[in-house]
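In: missing the sequence, but the structure's below:
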């Protein structure tokens with residue numbers, strides 16, 4: 001009986017010691033997490049062209065830009081050469097597997113203990129994020145968005161989330177990290193009154209940040 005008691009105590013102590021570093025590591029990770037800049041329309045346009053296998057018309061892009069038009073005529077050739085080199089370098093370095101990051105401000109309801117998280121509004125099957133560049137529209141479509149109607153996270157984490165009350169919910173910023181999967185080059189689709197070229201993606205992670213103090217609350221990874 002004594003040996004069984006000692007064994008049980010030893011196992012409990014081991015589990016406790018394993019949980020401490022894990023919880024500490026999670027806390028340290030969140031404290032050191034930096035905001036990933038939101039992907040801009042230039043990147044999305046470049047990405048679509050690279051996935052389609054053809055280089056954009058950089059010369060037309062530059063000539064249509066406000067900066068080029070405001071550049072004195074005698075300096076426009078130098079400006080054109082400089083910007084062309086920048087675009088070529090950007091296009092060459094762009095990796096199609098890099099995530100598209102979209103930030104969405106929203107309000108989450110009180111914490112739901114049954115589901116272990118917060119219900120996220122607006123996660124409909126036809127959800128898309130629109131980008132406009134050089135007169136062209138691109139729709140970034142998270143094809144698995146219906147899997148993320150609930151932002152799941154441990155309730156005890158919310159005890160350390162300042163300026164956020166789990167029983168009332170609160171204002172948050174959701175950072176969607178979306179991995180590009182495929183594009184449709186056949187024809188643009190009319191969405192919200194404008195023809196959009198489609199980029200299909202899948203969710204790799206969703207970060208929840210407090211809107212007021214820009215502190216990370218939790219990170220939910222691909223299911």
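Out: Yep, that arrived. In this text the structure is predicted, and so the values were computed from the model without any measurement.

In: Please make it C-alpha for all contacts and neighbour counts, starting now.
Out: Noted.

In: Low-confidence regions, the chain specifically.
Out: Across the chain, the ranges flagged by pLDDT under 70 are 1-27, 160, 162.

In: which residues in it form helices?
Out: Secondary structure of the chain (DSSP state H): helices located at 2-32, 41-52, 58-63, 66-70, 76-93.

In: any idea how far the nearest residue in space to residue 211 that is not next to it in sequence lies from residue 48?
Out: Leaving aside its sequence neighbours, residue 211 sits nearest to residue 172 (Cα to Cα, 6 or more residues apart in numbering; 4.6 Å). Per Cα to Cα, to the nearest Å, residue 172 is found 30 Å from residue 48.

In: Return the distance of residue 208 relative to residue 151.
Out: Counting by Cα to Cα, the separation of residue 208 from residue 151 is 9 Å.

In: ok, now residue 182?
Out: In terms of Cα to Cα, residue 182 sits 26 Å off from residue 151.

In: more neighbours, those two?
Out: Looking at residue 182 and residue 151 with other Cα atoms under 10 Å, you find the greater number of neighbours at residue 151, namely 22 against 15.

In: coming back round to it: so who does the residue nearest to residue 211 touch?
Out: 105-108, 208-212 (Cα atoms under 8 Å, 6 or more residues apart in numbering).

In: got it, and residue 159?
Out: Residue 159 neighbours (Cα under 8 Å, 6+ apart): none.

In: sorry, back to before: strands - which of the contacts of residue 172 land there?
Out: Using DSSP state E to define strands, the subset of those located there is 105-108, 208-210.

In: rewinding a little: for the residue nearest to residue 211, name its beta-bridge partners.
Out: When bridges are called by DSSP bridges, residue 172 pairs up with residue 106, residue 210.

In: Let me know whether residue 180 touches residue 200 as I believe.
Out: Yes - with contact taken as Cα atoms under 8 Å, residue 180 and residue 200 are classed as touching, separated by 6.1 Å.

In: quick one, which of those two is more surrounded?
Out: Neighbour count, other Cα under 10 Å: between residue 180 and residue 200, residue 180 has more, with 22 against 18.

In: what are the bridge partners for the more buried one, then?
Out: On the basis of DSSP bridges, residue 180 takes part in beta bridges with residue 201.

In: check contacts around it.
Out: 96-100, 199-202.

In: how much space between it and residue 81?
Out: Spatial separation of residue 180 from residue 81 under the definition Cα to Cα is 31 Å.
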